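Visitor: the following block contains a protein sequence and its predicted model.
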Amino acid sequence: NEEKWVEVPEWNCKVKIKSLTKAEQIKLRKSSVVRGVVDETKLEMNMFVYSMVEPKLTIDQVDTLFTNANAKALNRLTGAIIKISGLGEDHLKDAEADFPE
């Protein structure tokens, strides 16, 4: 897996993210589908759980982060995770088709 440090000026720190294996991408998609449709918020939150290396976060910590943290910082990290793992719109559509409830 590729790892990368991402500067987060809003938090005055760097965080380390990693690319996802195919198996992790599949788990990510499966865990983010609700009633046959990808839940965008759940998908973003799960991306943080699967991709954050330092600090490593639980889903509860990510939930707190999403409730309280600067959106610009979160969007920057989400974009970096998507880029490093090769995720995109096609993957979201595939998830809806492949993992209906």
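Guide: Looks like it came in fine.
Visitor: any idea how far Arg29 is from Met52?
Guide: 18 Å (CB to CB, to the nearest Å). For every residue, glycine as well, the C-beta is placed using N, CA and C.
Visitor: repeat for Asp63
Guide: Applying CB to CB to Asp63 and Met52 gives a distance of 14 Å.
Visitor: show me where the chain has its strands.
Guide: In the chain, the strands defined using DSSP state E lie at 3-8, 13-18, 33-34, 37-38, 52-54.
Visitor: so which of those strands comes closest to Ser85?
Guide: Comparing these by their distance to Ser85 (CB to CB), the top pick is strand 13-18, with 8.4 Å.
Visitor: who does that closest one pair up with?
Guide: strand 3-8 (antiparallel), strand 52-54 (antiparallel) (DSSP bridges).
Visitor: return it as PDB; C-alpha atoms alone will do.
Guide: Written as PDB, here are the backbone C-alpha positions of strand 13-18 (Å, rounded to 0.1, in the frame of the first residue of the first chain):
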ATOM      1  CA  CYS A  13      -0.700  19.200  11.600                       C
ATOM      2  CA  LYS A  14      -0.100  16.500   9.000                       C
ATOM      3  CA  VAL A  15      -2.000  13.200   8.900                       C
ATOM      4  CA  LYS A  16      -0.900  10.000   7.200                       C
ATOM      5  CA  ILE A  17      -3.200   8.200   4.800                       C
ATOM      6  CA  LYS A  18      -2.800   5.000   2.800                       C
END
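Visitor: buried set for that strand?
Guide: Val15, Ile17, Lys18 (16 or more other CB atoms under 10 Å).
Visitor: now swap in stretch 46-59 and tell me
Guide: Asn46, Met47, Phe48, Val49, Tyr50, Ser51, Met52, Leu57.
Visitor: and of those, the nearest to Ile82?
Guide: Met47 (7.5 Å).
Visitor: quick one: residues contacting that closest one.
Guide: Leu28, Thr78, Ile81, Ile82, Leu87 (CB atoms under 8 Å, 6 or more residues apart in numbering).
Visitor: out of the residues you listed, the closest to Trp11 would be?
Guide: Thr78 (14.4 Å).
Visitor: what count of nearby residues applies to the closest one?
Guide: 18 (other CB atoms under 10 Å).
Visitor: what of Gly86?
Guide: Using other CB under 10 Å as the criterion, the residues surrounding Gly86 number 11.
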